[in-house]
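Asker: Structural data only, the sequence is not supplied:
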């Protein structure tokens with residue numbers, strides 16, 4: 001008797017209030033214990049009581065002593081009338097909690113109801129301005145958990161966690177979480193004020209502390225001090241705060257001089273560092289007293305430190321350019337480019353064909369920063385995917401820095417299926433494991449994926465840590481598809497690109513739709529997309545295949561007596577001429593490579609395979625070929641190292657295998673079916689010989705003074721795209737619509753420019769008549 005436990009179903013920051021019934025005696029001690037977890041094995045029996053073992057020195061317990069009557073003192077907080085009992089709500093503290101246990105001393109029954117204790121969700125005065133809806137339960141859960149964690153962190157400063165006795169402004173945590181927090185909440189003023197505090201506490205030599213408020217000069221690491229240029233850059237990118245940039249520019253320069261001096265003294269390979277990819281996930285869950293799992297590699301701390309430092313130069317170049325400091329911008333850009341080359345030389349293992357010791361974080365940083373030379377890209381990318389597969393698409397050995405880059409780097413390099421596999425995984429270590437494990441289900445982002453079993457490692461077991469909330473940026477940019485083009489700021493130009501449209505068929509079925517609503521500084525931006533029947537259409541691409549040996553090649557690895565598709569193989573001429581059989585303009589480039597394909601698949605490709613060969617060492621030249629061939633009735637390409645480089649970095653002709661360097665191109669051609677006129681019910685109006693089937697919808701809202709860049713997926717070149725009831729793409733041709741103009745084919749997307757307004761794009765396919 002006298003003990004009541006309340007589960008609010010959600011980890012949050014704030015406090016609890018309690019309504020006490022009238023007629024209680026005076027001097028009862030009412031205790032409210034706030035915790036993030038209930039007691040469960042291995043910490044104790046699962047008896048329904050609260051557990052406070054992970055809270056450091058925090059003592060999140062509030063006490064109230066009853067008066068025995070309702071106070072007439074007007075200064076006492078009052079509950080809503082007509083409550084006649086006593087009421088208690090603390091206002092000068094806050095806790096991170098999901099559970100509240102009420103204890104009465106001396107013990108007696110209080111007859112409390114479900115509504116007697118209420119949780120107050122508290123944060124700084126920053127309103128929520130974004131909402132994402134995803135059709136997949138696990139991805140939606142991770143996004144929601146990120147939102148709640150961000151909210152708990154926004155408490156005067158970007159605090160590391162709310163629950164335990166460590167509410168510090170860790171600078172790396174804020175650096176890597178700030179982009180999500182700037183999108184999900186209206187935090188421009190919040191972060192501008194904290195930037196002033198960063199400047200005020202900066203050391204005289206330019207160094208930035210690992211915690212602000214904090215002590216100058218402690219625990220140097222570029223991944224922590226990057227917070228100054230990173231938050232400044234994010235604020236500029238999302239809010240175009242050029243006045244603030246001018247105000248902070250001298251002290252930002254001071255920091256860069258500090259960083260430059262350190263790099264000059266040691267080089268990137270021995271750059272100063274302290275923390276690295278902090279709190280990397282162990283290979284197996286830690287238990288109460290010890291770790292008994294397998295050994296695993298940690299990412300070299302110099303790799304993460306050097307990556308943060310290199311990115312700072314490019315951010316400074318952008319910001320210097322934005323405020324008219326063009327000479328400085330050029331200097332920072334050139335220095336960044338030189339250091340990017342140094343980064344590859346310092347950390348790439350040419351024999352293993354990966355970065356560092358082969359961890360996911362090490363590979364992701366190199367790909368995200370675009371430092372991988374073209375000659376190494378095919379092998380390095382295969383290894384990136386292979387490393388993820390080898391650890392069953394979990395986040396073993398990954399810390400919060402890795403989380404920021406791994407998912408985005410995979411998506412940027414056509415490995416979205418790998419990123420989604422890792423995001424949806426419920427195997428340890430993963431976000432899904434935290435949310436769905438049997439012992440304790442996370443409703444926020446945990447500091448460690450194994451927090452539900454670890455007790456000895458109490459300093460890593462917070463249930464509410466915002467340093468991994470960068471995951472919401474990946475979900476928004478690459479699963480929903482809302483972002484800004486590279487050269488845009490403050491949503492003056494908006495990119496709508498549903499990357500997830502080309503996930504594998506199985507993954508597309510678990511994520512058939514998504515939506516985002518965002519109140520930007522310019523007004524509401526909305527985006528939603530869906531597969532009309534809940535499944536991704538099959539890709540059936542009309543194409544012409546070209547295979548051409550380079551001039552230094554002695555022969556092509558093709559058995560001569562096999563038939564060769566028309567226009568497919570031309571030897572020994574160094575030029576390849578491509579065109580569509582119908583004579584219509586080329587509508588796109590499916591793939592284009594130059595290099596040495598794998599022996600086993602080369603012959604199959606030459607004879608008309610539907611996918612490119614497994615590469616050994618070759619360079620992707622789609623963009624270059626698209627510039628030459630798109631919308632042309634024919635185009636001529638020259639198979640030459642002069643045009644496309646030396647992908648395998650060979651020095652002699654004799655080093656080539658029999659098939660040598662190949663120029664391999666597959667172009668897309670318009671469908672030969674007639675233009676289909678459609679009415680409201682998507683049936684034909686001109687003829688019954690062809691009808692249409694709606695496959696995919698993409699809806700966008702562009703606010704005033706903004707422009708849209710809409711990427712509509714094409715699953716088959718014969719498909720049409722309508723905006724409203726107007727056909728804006730068909731047979732390889734773009735037709736202007738109301739506020740819509742075609743920009744061209746980019747990969748598997750038809751790209752349109754739009755004015756402000758609401759747009760409804762639909763992908764439709766011609767089918768056989770009914771009956």
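Answerer: That came through fine. Everything numeric in this text was worked out from a predicted model, so none of it was measured.

Asker: And residue 313, how far from residue 535?
Answerer: As for residue 313, its distance to residue 535 is 45 Å (criterion: Cβ to Cβ, to the nearest Å). (Glycine included, C-beta is placed from N, CA and C.)

Asker: And residue 121, by the same measure?
Answerer: Residue 121 is 39 Å from residue 535, by Cβ to Cβ.

Asker: Ok, residue 233 next?
Answerer: Residue 233 is 40 Å from residue 535, by Cβ to Cβ.

Asker: Show me which of these two is the more surrounded one.
Answerer: The neighbour comparison of residue 233 against residue 535 (other Cβ atoms under 10 Å) goes to residue 233, with 23 against 13.

Asker: Quick check, pLDDT for that one.
Answerer: pLDDT recorded at residue 233 is 98.

Asker: And for it, nearest residue in space, chain neighbours not counted?
Answerer: Of all residues not flanking residue 233 in the chain, residue 315 sits nearest, at 4.1 Å (Cβ to Cβ, 6 or more residues apart in numbering).

Asker: How far away from the center of its chain is the helix or strand hosting that neighbour?
Answerer: Assigned by DSSP states H and E, residue 315 belongs to helix 301-322. Counting by Cα atoms, centre = their mean, to the nearest Å, helix 301-322 is centred 19 Å from the centre of its parent chain.

Asker: Now that helix: average pLDDT?
Answerer: The average pLDDT within helix 301-322 is 97.

Asker: which parts of it are buried?
Answerer: 301-320, 322 (16 or more other Cβ atoms under 10 Å).

Asker: do stretch 709-721 as well
Answerer: Residues of stretch 709-721 classed as buried: 709-721 (neighbour count, 16+ other Cβ under 10 Å).

Asker: And for stretch 215-225?
Answerer: Of the residues in stretch 215-225, 220-225 count as buried by neighbour count, 16+ other Cβ under 10 Å.

Asker: again, but for stretch 162-174
Answerer: 162-164, 166-174.

Asker: Closest one to residue 645 out of these, please.
Answerer: residue 172 (37.6 Å; Cβ to Cβ).

Asker: and the closest one, helix, strand or coil?
Answerer: Under DSSP: H, G, I helix; E, B strand; the rest coil, residue 172 falls in the helix class.

Asker: Now do the contacts for it.
Answerer: By Cβ atoms under 8 Å, 6 or more residues apart in numbering, the contact set of residue 172 is 210, 221, 223-224, 226-227, 275, 278, 400-401, 467.

Asker: I'd like those as JSON lines, with secondary structure and distance to residue 371 appended.
Answerer: Listed next are the contacts of residue 172 as JSON lines, based on DSSP: H, G, I helix; E, B strand; the rest coil; distance: Cβ to Cβ, whole Å:
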{"residue": "210", "secondary structure": "coil", "distance to residue 371": "26"}
{"residue": "221", "secondary structure": "coil", "distance to residue 371": "20"}
{"residue": "223", "secondary structure": "helix", "distance to residue 371": "17"}
{"residue": "224", "secondary structure": "helix", "distance to residue 371": "22"}
{"residue": "226", "secondary structure": "coil", "distance to residue 371": "17"}
{"residue": "227", "secondary structure": "helix", "distance to residue 371": "22"}
{"residue": "275", "secondary structure": "coil", "distance to residue 371": "22"}
{"residue": "278", "secondary structure": "coil", "distance to residue 371": "22"}
{"residue": "400", "secondary structure": "helix", "distance to residue 371": "21"}
{"residue": "401", "secondary structure": "helix", "distance to residue 371": "16"}
{"residue": "467", "secondary structure": "helix", "distance to residue 371": "24"}
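
Asker: For the chain, give the helix that spans the most residues.
Answerer: helix 242-266 (DSSP state H).
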